[in-house]
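In: my questions are about this predicted structure, shown below with the sequence.
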Amino acid sequence: MPLRQATVSDHGTIVECVQQWWGDSRTPEQARELSLLLPKLFLQFFSGTSLVLEDGSGIYGFLIGFYAADNDTEAYIHFVGVDPKLRGQGVARRLYTAFFQRAAVQGRTEVRAVTSPGNTGSIAFHRAMGFSLESGDSEVDGLPVHTDYDGPGQHRVCFCQKIGL
């Protein structure tokens with residue numbers, strides 16, 4: 001499947017993918033709420049650093065990421081989705097690897113990501129990809145967390161991966 005740069009016109013399809021792909025583990029309302037983490041502005045302003053994996057029949061994976069505006073060293077992976085039929089087949093690894101390579105070409109040396117402490121699949125994946133867990137101000141289930149990271153009660157596990165060194 002070809003990997004390409006995302007475009008603004010991908011937004012509607014990506015939102016639909018999130019609502020469908022997470023529909024098996026969440027209520028329709030929860031899946032819709034999750035898709036709200038991807039407002040169109042991410043593709044209006046960061047399509048050049050975001051990726052889509054597709055073939056002629058549709059999108060099978062995407063990565064929404066960007067480079068820090070306040071420094072020349074960091075990049076951030078905001079949201080990644082893979083069609084459930086393809087999970088465990090290296091699709092997310094391919095997306096992350098392509099993002100790492102592109103970020104390194106732009107002089108970025110660190111990639112960051114966050115997830116909730118309860119998202120054990122994401123935590124395991126990031127660890128398998130070589131991300132380090134950043135120290136937090138508390139601990140949940142043996143994991144360092146940053147309390148109230150995304151607002152009251154919204155604790156997050158923060159990751160960092162060195163690249164291009």
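Out: In hand now; what should we look at? Numbers count the residues shown, from 1 in each chain.
In: from residue 136, how far out is residue 17?
Out: 31 Å (C-beta to C-beta, to the nearest Å). From N, CA and C alone the C-beta is placed, and that goes for glycine too.
In: of the two, which one has the most company?
Out: residue 17 (22 against 18; other C-beta atoms under 10 Å).
In: what's the host helix or strand of the more buried one packed up against?
Out: For residue 17, the host element (DSSP states H and E) is helix 11-21. Packing partners of helix 11-21 (3 or more C-beta pairs under 8 Å, 6 or more residues apart in numbering; DSSP states H and E): helix 28-35, strand 58-67, strand 74-82.
In: residue 106 is nearest to which of these?
Out: When the helices and strands packed on helix 11-21 are compared by C-beta to C-beta, strand 58-67 sits nearest residue 106, at 6.2 Å.
In: please state the offset of the closest one from the chain centre?
Out: Put simply, strand 58-67 sits 8 Å off its chain's centre (C-alpha atoms, centre = their mean, to the nearest Å).
In: could you do stretch 55-63 as well?
Out: Put simply, stretch 55-63 sits 16 Å off its chain's centre (C-alpha atoms, centre = their mean).
In: list the buried residues for that stretch?
Out: 59, 60, 61, 62, 63 (16 or more other C-beta atoms under 10 Å).
In: looks like the third one contacts residue 82 (just checking).
Out: Yes: because the distance of 4.5 Å satisfies C-beta atoms under 8 Å, residue 61 is recorded as touching residue 82.
In: common neighbours of those two, please.
Out: Common contacts of residue 61 and residue 82 (C-beta atoms under 8 Å, 6 or more residues apart in numbering): 91, 92, 95.
In: can you list the helices and strands packed on helix 11-21 in JSON lines and add distance to residue 161?
Out: As requested, the helices and strands packed on helix 11-21 are exported to JSON lines (distance: least, C-beta to C-beta, whole Å):
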{"stretch": "helix 28-35", "distance to residue 161": "24"}
{"stretch": "strand 58-67", "distance to residue 161": "12"}
{"stretch": "strand 74-82", "distance to residue 161": "9"}
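In: the ones you listed: which one's closest to residue 13?
Out: Among these, if distance is taken as C-beta to C-beta, the winner is strand 58-67, at 5.5 Å.
In: what backbone torsions are found at the nearest residue to residue 74 once chain neighbours are set aside?
Out: Leaving aside its chain neighbours, residue 74 sits nearest to residue 68 (4.0 Å; criterion: C-beta to C-beta, 6 or more residues apart in numbering). Backbone torsions for residue 68, taken as degrees, to the nearest 10, come to phi -60, psi 140.
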